[in-house]
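[1] Build the 3D model from these lines:
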Amino acid sequence: MQNNRNFLIAIALSIAVLIGWQYFVVAPRMEAQRQLEATTAAEKGSLQTPQTPAGTPQQSVPAPAGRESVVPAPDSARTPAPGVATRDEAIGTGGGRIAIDTPSLTGSINLTGARLDDLRLKNYHETVDDSSPTIVLLSPEAAQEAYFAEFGYSGSDAGTLPGPSTVWQATGNQTLTPQAPVTLTATNGAGVTFTRTISVDADYMFTVEDRIENTGSAPVTLSPYGRVVRFSKPAVASTYVLFEGLLGVFGDAGLTEVKYAAIEDDKRVQPEKANGGWLGITDKYWATALIPQSGRTFQGNFRYAAEGRPFYQSDYLSDPVTVAPGASETVTARTFAGAKVVDRIDAYEKGLNIHQFGQLIDWGWFYFITRPMFHAIDWIYRFAGNFGIAILVVTIVLKILFFPLASKSYRSMAKMKVLQPKLAELRDRFPDDKMKQQQEMMRIYKEEKINPAAGCWPVLIQIPVFFALYKVLYVTIEMRHAPFFGWIQDLAAPDPTSIFNLFGLIPITLPHLLMVGVWPILMGITMFLQMRLNPTPPDPAQQAIFTWMPVIFTFMLASFPAGLVIYWTWNNTLSIIQQSVIMKRAGAKIELWDNLRDTFRRKKKSEAGS
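    As a prediction, the model looks like this:
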């Protein structure tokens with residue numbers, strides 16, 4: 001029993017150290033670094049004009065945004081803005097636009113470059129208040145937090161090819177909707193006409209189809225390209241459980257992920273060539289991804305440059321297309337720009353045959369637990385209408401699934417409690433011979449068919465489930481702003497109440513570490529009660545650990561998503577009931593009330609002695 005208890009303590013402390021280090025040391029450092037970088041970027045932005053693609057010789061490989069154009073016209077440099085503009089100012093300048101209006105999106109397409117650079121998500125708001133502003137995903141290049149996607153062509157001896165400076169002409173419909181695509185045209189001086197048809201579905205997928213007609217006397221060869229460019233990083237620093245940055249799937253090579261910090265060091269990462277896949281930039285809940293034409297080999301790139309306005313870029317260059325005189329070719333590509341809704345991402349992967357598009361969502365190392373857990377919670381939610389209730393139901397299901405193992409574990413613990421007098425007798429018989437004590441204890445365990453480590457299994461099982469649920473709550477957008485009951489209006493955010501301001505009765509702003517709400521306190525109480533089901537350890541150091549561990553976990557989990565704290569509280573409650581019933585049936589005494597009485601009795605004696 002002593003070894004068993006030590007093992008449990010080691011596991012619990014290990015978890016405490018890992019989580020505590022992340023949230024009390026790493027996270028504040030990351031936040032401080034983020035604020036420093038944001039301040040530096042703002043200072044640079046206020047002193048420098050945003051650089052726009054300039055007229056330089058055409059390149060065979062896409063070049064970084066803001067330095068030299070991927071395929072700039074030889075004599076078409078645009079005049080840069082006098083300074084970094086606000087988003088509204090940037091949208092209002094720089095030429096004509098085609099409006100976007102779908103059930104999920106609103107915004108516009110910039111006719112200069114045919115860029116997708118103005119996009120808001122209709123169904124998602126900045127806060128739980130539906131009257132708060134909707135989420136801004138993409139913004140024009142002249143804006144402070146520019147973020148856009150575009151397609152174009154690179155090549156030689158083909159005249160001026162569509163690129164960042166090309167001004168497209170809109171024909172017909174002036175608003176892009178799921179029912180009405182828009183058509184743009186551009187003609188160069190070499191007799192090549194580009195007719196671009198842009199369509200969008202009811203969610204977040206744009207399809208760009210280019211018809212290239214060669215009316216000249218010589219064949220033209222050109223290479224399609226696409227790029228996603230971003231001039232800022234996410235406003236909220238990521239944690240070790242979440243990937244944010246540049247990513248893509250490149251054929252059989254699979255997923256490539258490059259964090260912002262990594263690309264800032266490497267400046268450029270070039271994956272293998274592929275003839276299927278996608279690439280882009282992802283945040284916690286949102287992403288912009290390019291899907292090149294299926295079956296056409298492309299070379300992907302991830303880039304970063306710090307000169308002037310720092311930027312990040314995911315781009316690809318497809319193998320050349322040759323268009324004979326009097327002939328035409330069609331090039332099709334897609335852009336995903338929106339929320340990473342699991343069902344929609346999976347539907348795009350299957351319906352559009354996008355290789356491993358589901359990797360756009362970071363399911364983590366425990367994906368084989370995380371994905372099924374999410375789908376189970378989501379399925380129950382469709383009946384219950386509340387993700388919090390779905391989490392409670394899934395916890396019960398997990399308890400039922402692991403009941404045989406837990407039952408065996410608790411029965412073994414009950415037998416060990418029954419054997420406590422015999423073990424105490426061994427310590428009295430061999431007070432100075434620890435080796436003999438251990439040998440005799442193992443003999444008794446073997447005779448009684450007891451596994452002294454059996455009590456660890458419930459804890460060990462809970463660890464991957466805990467992290468998988470944490471991942472589901474932290475990563476999936478379905479959990480964002482999902483309410484429970486009462487004051488919990490966002491299961492993915494910490495409990496907003498705190499005992500230190502009397503749960504809101506005192507109107508003061510508390511430090512982060514003092515935001516200890518109702519659910520973390522309930523979690524600490526249930527953890528305290530569960531630990532008191534077992535005999536009080538004789539060692540004073542272990543007694544202190546058992547006493548203070550629930551308090552430490554209460555403060556630590558106060559900053560975790562409320563849904564996770566609710567799960568842990570409910571799981572503790574079920575474990576208390578389960579362990580009490582099983583141990584009582586096994587003939588072991590339930591020592592909860594005795595241990596509680598002894599705990600407070602010792603406390604009173606200690607106070608009296610002082």
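
[2] Dig out what Phe336 forms beta bridges with.
    Met205, Ala289 (DSSP bridges).

[3] Just checking, which helix or strand of the chain averages the lowest pLDDT?
    helix 27-47 (a mean of 43; mean pLDDT, DSSP states H and E).

[4] for this protein, which helix is longest?
    For the chain, the longest helix by residue count, based on DSSP state H, is helix 562-585.

[5] Show me what that helix packs onto, helices and strands only.
    Packed against helix 562-585 by the contact rule (3 or more Cβ pairs under 8 Å, 6 or more residues apart in numbering; DSSP states H and E) you find helix 387-401, helix 403-418, helix 457-475, helix 518-531, helix 540-557. (Glycine included, C-beta is placed from N, CA and C.)

[6] From Glu126, how far off is the nearest residue to Ile389 once chain neighbours are set aside?
    Leaving aside its sequence neighbours, Ile389 sits nearest to Ile380 (Cβ to Cβ, 6 or more residues apart in numbering; 7.5 Å). To Glu126, Ile380 is 28 Å away according to Cβ to Cβ, to the nearest Å.

[7] Who has more neighbours out of the two?
    Ranked by neighbour count (other Cβ atoms under 10 Å), Ile380 and Glu126 place Ile380 first, with 19 against 11.

[8] Please, which helix or strand holds the more buried one?
    Following DSSP states H and E, one finds Ile380 within helix 367-384.

[9] okay, now the domains of this protein?
    48-70+86-362, 370-609 (automatic domain parsing).

[10] Poorly predicted segments of the stretch 401-550 of the chain, please.
    For the stretch 401-550 of the chain, the stretches with pLDDT under 70 are 413-420, 448-459, 534-543.

[11] residues near the residue lying closest to Pro140 once chain neighbours are set aside, how many?
    Excluding its sequence neighbours, the residue lying closest to Pro140 (Cβ to Cβ, 6+ apart) is Ala90, at 3.9 Å. If you count neighbours by other Cβ under 10 Å, Ala90 ends up with 22.

[12] tell me the phi and psi of Ala90?
    phi -60, psi -40 (degrees, to the nearest 10).

[13] dump the residue contacts of it.
    Taking Cβ atoms under 8 Å, 6 or more residues apart in numbering, we find Ala90 in contact with 81, 139-143, 146.

[14] can you pick the most crowded of the residues you listed?
    Busiest of the contacts of Ala90 [other Cβ under 10 Å] is Glu141, holding 30 neighbours.

[15] what's the helix or strand for that residue?
    Using DSSP H and E, Glu141 sits within no helix or strand.

[16] and what of Gly152?
    Following DSSP H and E, one finds Gly152 within strand 147-154.

[17] Can you mark which positions in the following helix or strand past that strand are buried?
    Per DSSP H and E, the first helix or strand lying C-terminal to strand 147-154 is strand 169-171. Neighbour counts over strand 169-171 (16 or more other Cβ atoms under 10 Å) mark Ala170 as buried.

[18] From the chain's centroid, how far away is strand 169-171?
    Offset of strand 169-171 from its chain centre (Cα atoms, centre = their mean, to the nearest Å): 39 Å.

[19] tell me the average confidence for it?
    For strand 169-171, mean pLDDT rounds to 90.

[20] so what strands line up beside that strand?
    Going by DSSP bridges, the partners of strand 169-171 are strand 182-187 (antiparallel).

[21] Any chance you could list what contacts the strand it pairs with?
    Here strand 182-187 has contacts from 98, 109, 111, 114, 162, 166-176, 193-198, using Cβ under 8 Å, 6+ apart.

[22] May I see the ChimeraX selection of the buried members of these?
    With 16+ other Cβ under 10 Å as the criterion, this ChimeraX line picks the buried residues out of the contacts of strand 182-187:
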select :98,109,111,114,162,166,167,168,170,176,194,195,196,198
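
[23] thinking again about what came up before, which one of the contacts of Ala90 is nearest to Leu317?
    Relative to Leu317, the closest of those is Glu141; by Cβ to Cβ it sits at 20.6 Å.

[24] okay, that closest one: pLDDT?
    Glu141 is assigned a pLDDT of 91 by the prediction.

[25] and what of Leu557?
    What the model reports as pLDDT for Leu557 is 87.

[26] Give the full set of residues in contact with it.
    Going by Cβ under 8 Å, 6+ apart, Leu557 touches 520, 523, 564-565, 568.

[27] Please determine how far the residue nearest to Pro140 is located from Arg115.
    Going from Ala90 to Arg115 by Cβ to Cβ gives 12 Å.

[28] What of Ser580?
    Ser580 is 64 Å from Arg115, by Cβ to Cβ.

[29] More neighbours: those two, which one.
    It is Arg115, of Ser580 and Arg115, that has more neighbours when counted by other Cβ under 10 Å, with 23 against 16.

[30] ok, now which ones touch the more buried one?
    By Cβ under 8 Å, 6+ apart, the contact list for Arg115 reads 109, 140-141, 148-150, 164.
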